[in-house]
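Chemist: Here you go, sequence then predicted model.
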Amino acid sequence: MRHKKNCECDHAGGFPVFGEGFTRRHFMKLAGTSVVASFFPDVASARLLADATSVNPTLHNSAKNCILIFLSGAPSQIDTFDLKEGGWMPDDFAPASYGSIRFPQGLMPKTAEQIDKLAIIRSGLSWAAVHQLAQSWAQIARNPTSATGRIAPHIGAVVSLESQKTRIATDILPGFVSLGSAPMAKSGYLPASNAPFAVQPTSTGLASITHPHGAERFGDRWNLLHIIDPDRSSDGLGKNASDMEAFYLQANQIAGSPDANMIFSFSPEEHTRYGATSFGDSCVVARNLVAAHRGTRFVQITLGGWDHHTNIYGKTGNSLYSQMKQFDPGFGALLADLSIMPGVDAGKTMLDETMVVVFGEFGRAGGGPTGSGGRDHSTRMSIALAGGGVRAGTMIGKTDFTGENVTEYGWSANRDVRPEDLTSTIYSALGIDYTTVRHDDPLNRGFEYVPFAKDGTYQPINELF
């Protein structure tokens, strides 16, 4: 890791070696994760191999939905949600104080208008400063190169699977929808019906949702398919055939619902108000999906382009400015709309019932920009949350003047917030037992929703609620 002081190896209660939760079982599991042997210098210590005590999960059950906005490429936390002011900062960032928060309202004016709805984690830490590895890790809550990492579902697929328990006849939409670029993970070993339903938003909704020769012709074709290909609808041909049948059934449900396409559509006024960008369009559709109450419980919006090794403050080309012209109006309008839309429960708004989470795979180095006018990778990162039971105005953690080294962790675990902790927090808010161990995995070793969470190594950030 780039900064040893950012490594949890030095903290009691940390992971993976020096923590109280490191057991014989942990060691055997990690032995197959492709983590190098040099990471375990003191593994012979009896203290490290002590038995762990299983924990009772803390389920906040405060949200019905989750919208995850993933900023791939790794945005600079010290220019956004953990602002550090120095001679390098452009004047038009125009930082302002919102209570104890200093925020670049000139760069993010629409977000600043909604800042009273935000909670911010500043003690987040990625496991790696390598894009693809860290992106996958964040979306499956484990090392992608490990044995279970190779079969792991996206956290949205887990949410989709768990939501099957409460689906009703009118829930015709997939439990997990992705908007924009495809997420780094799919359904893993879980049924493909829990994979992300990928959509590129357009004002007219879903393409080819109606048969060109009418509903009657479509019905005839559908019936013929099931007459000539009965094996495809059974388990006789294996998981791939079953998954294909599930996809067909899901598509037929959507095509047969006259109002489904309206959920994926938006007006010219909404397109403009959300920033007149593809990202803004995705935010409109995400709003529609959770507000429709038609089965979608998890939405991921992916916005790439944050890898600013050069030109980070440039007024032309790819820079923080060009990225914020997409992100800021879309995110701001999303929070504003959800906060005034009625929720399912009396007295609740859609924001009350929807957890919105914003983060990237890691962050950026502090201090002044490099000679190339950019910022290199840092494992330190910030996470912004709103709604879904999160207490607005909560600040978890503090960093030093560089924005890379933690001076105060800000939560009961007294360590960095890892992707596994964030995933545990999302699951807990949605009422999902993050300590669950499934015994249906093809490796026959038990699949943990969040590895080591049942032993207390990872946990929800309860201070957010």
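Modeler: Cool, the structure landed. Numbering: from 1, shown residues only.
Chemist: What distance do you get for the nearest residue to S203 once chain neighbours are set aside to V437?
Modeler: Once flanking residues are discounted, S203 sits nearest to F266: 5.7 Å by C-beta to C-beta, 6 or more residues apart in numbering. The C-beta positions use only the backbone N, C-alpha and C, and glycine is treated the same way. To V437, F266 is 41 Å away according to C-beta to C-beta, to the nearest Å.
Chemist: And for A119?
Modeler: Per C-beta to C-beta, A119 is found 30 Å from V437.
Chemist: quick one, which of the two is more surrounded?
Modeler: When neighbours are counted by other C-beta atoms under 10 Å, A119 and V437 differ, and A119 comes out ahead with 20 against 14.
Chemist: elements contacting the one helix or strand that one maps to?
Modeler: For A119, the enclosing helix or strand under DSSP states H and E is strand 118-125. Under the contact criterion of 3 or more C-beta pairs under 8 Å, 6 or more residues apart in numbering; DSSP states H and E, strand 118-125 touches strand 380-386, strand 395-396, strand 398-399, strand 406-408.
Chemist: between it and strand 380-386, how big is the angle?
Modeler: Angle of strand 118-125 versus strand 380-386, following axes from the mean of the first three to the mean of the last three C-alpha atoms, to 10 degrees, is 150 degrees.
Chemist: Report the rounded mean pLDDT for strand 118-125.
Modeler: Strand 118-125 shows a mean pLDDT of 98.
Chemist: Give me every residue in contact with it, excluding its own residues.
Modeler: 6, 8, 77, 81-82, 101, 111, 359, 363, 379-386, 390-399, 406, 408-411, 416-418, 422, 461, 464 (C-beta atoms under 8 Å, 6 or more residues apart in numbering).
Chemist: Show me which helix runs longest in the chain.
Modeler: If you go by DSSP state H, the chain has its longest helix at helix 320-338.
Chemist: thinking again about what came up before, got a list of what the residue nearest to S203 touches?
Modeler: So F266 contacts 201, 203, 274, 281, 284-285, 288 (C-beta under 8 Å, 6+ apart).
Chemist: Next: M108.
Modeler: Contact analysis of M108 by C-beta under 8 Å, 6+ apart lists 80, 324, 327-328.
Chemist: mind listing the helices for the stretch 351-465 of the chain?
Modeler: For the stretch 351-465 of the chain, the helices defined by DSSP state H, counting those that start in this stretch occupy 419-429.
Chemist: just the stretch 101-250 of the chain next, same as before
Modeler: Under DSSP H, counting those that start in this stretch, the stretch 101-250 of the chain gives helices at 109-113, 131-140, 155-163, 215-228, 239-255.
Chemist: and those helices, which is most packed in?
Modeler: Most buried of the helices of the stretch 101-250 of the chain by mean neighbour count (mean count of other C-beta atoms under 10 Å) is helix 155-163; its value is a mean of 26.
Chemist: circling back: now the strand holding A119, how far from the centre of its chain.
Modeler: The chain centre lies 14 Å from the centre of strand 118-125; the measure is C-alpha atoms, centre = their mean, to the nearest Å.
Chemist: One more: stretch 82-90?
Modeler: On C-alpha atoms, centre = their mean, the centre of stretch 82-90 falls 27 Å from that of its chain.
Chemist: same thing with stretch 291-311?
Modeler: 8 Å.
Chemist: Repeat that for stretch 193-212.
Modeler: Distance of stretch 193-212 from the chain centroid (C-alpha atoms, centre = their mean) equals 21 Å.
Chemist: Rounded mean pLDDT for that stretch, please.
Modeler: What stretch 193-212 shows for mean pLDDT is 85.
Chemist: Same question for it: list its buried residues.
Modeler: 193-199, 201, 205-206 (16 or more other C-beta atoms under 10 Å).
Chemist: just the CA coordinates of it, formatted as CSV?
Modeler: Below are the C-alpha coordinates for stretch 193-212, written out as CSV (Å, rounded to 0.1, in the frame of the first residue of the first chain):
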residue,chain,number,x,y,z
SER,A,193,-32.5,-13.3,-13.1
ASN,A,194,-30.7,-11.4,-10.4
ALA,A,195,-28.1,-10.0,-12.8
PRO,A,196,-28.3,-6.2,-13.6
PHE,A,197,-30.9,-5.3,-16.2
ALA,A,198,-28.7,-3.0,-18.2
VAL,A,199,-30.4,0.1,-19.8
GLN,A,200,-29.0,3.1,-21.7
PRO,A,201,-31.7,5.7,-20.9
THR,A,202,-33.5,7.4,-23.8
SER,A,203,-36.4,9.8,-23.6
THR,A,204,-38.7,7.2,-25.3
GLY,A,205,-37.8,4.4,-22.9
LEU,A,206,-36.9,0.9,-23.7
ALA,A,207,-36.1,0.0,-27.3
SER,A,208,-38.1,-2.7,-29.0
ILE,A,209,-40.5,-3.2,-26.2
THR,A,210,-43.4,-3.8,-28.6
HIS,A,211,-43.6,-6.3,-31.4
PRO,A,212,-43.7,-4.6,-34.8
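Chemist: Kindly check the end-to-end length of stretch 78-88 for me.
Modeler: 11 Å (C-alpha to C-alpha, to the nearest Å).
Chemist: can you list contacts of that stretch?
Modeler: 89, 93, 95, 102-104, 107-108, 120, 122, 312-313, 320, 363-364, 366-369, 382-384, 399, 401-403.
Chemist: Okay, buried residues for that stretch please.
Modeler: So for stretch 78-88, counting by 16+ other C-beta under 10 Å, buried means 78-84.
Chemist: would you turn these into JSON lines with pLDDT, distance to T349 and secondary structure?
Modeler: Output for those, formatted as JSON lines (pLDDT from 0 to 100; distance: C-beta to C-beta, whole Å; DSSP: H, G, I helix; E, B strand; the rest coil):
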{"residue": "I78", "pLDDT": "98", "distance to T349": "32", "secondary structure": "helix"}
{"residue": "D79", "pLDDT": "98", "distance to T349": "30", "secondary structure": "helix"}
{"residue": "T80", "pLDDT": "98", "distance to T349": "25", "secondary structure": "coil"}
{"residue": "F81", "pLDDT": "98", "distance to T349": "23", "secondary structure": "coil"}
{"residue": "D82", "pLDDT": "98", "distance to T349": "28", "secondary structure": "coil"}
{"residue": "L83", "pLDDT": "98", "distance to T349": "28", "secondary structure": "coil"}
{"residue": "K84", "pLDDT": "98", "distance to T349": "33", "secondary structure": "coil"}
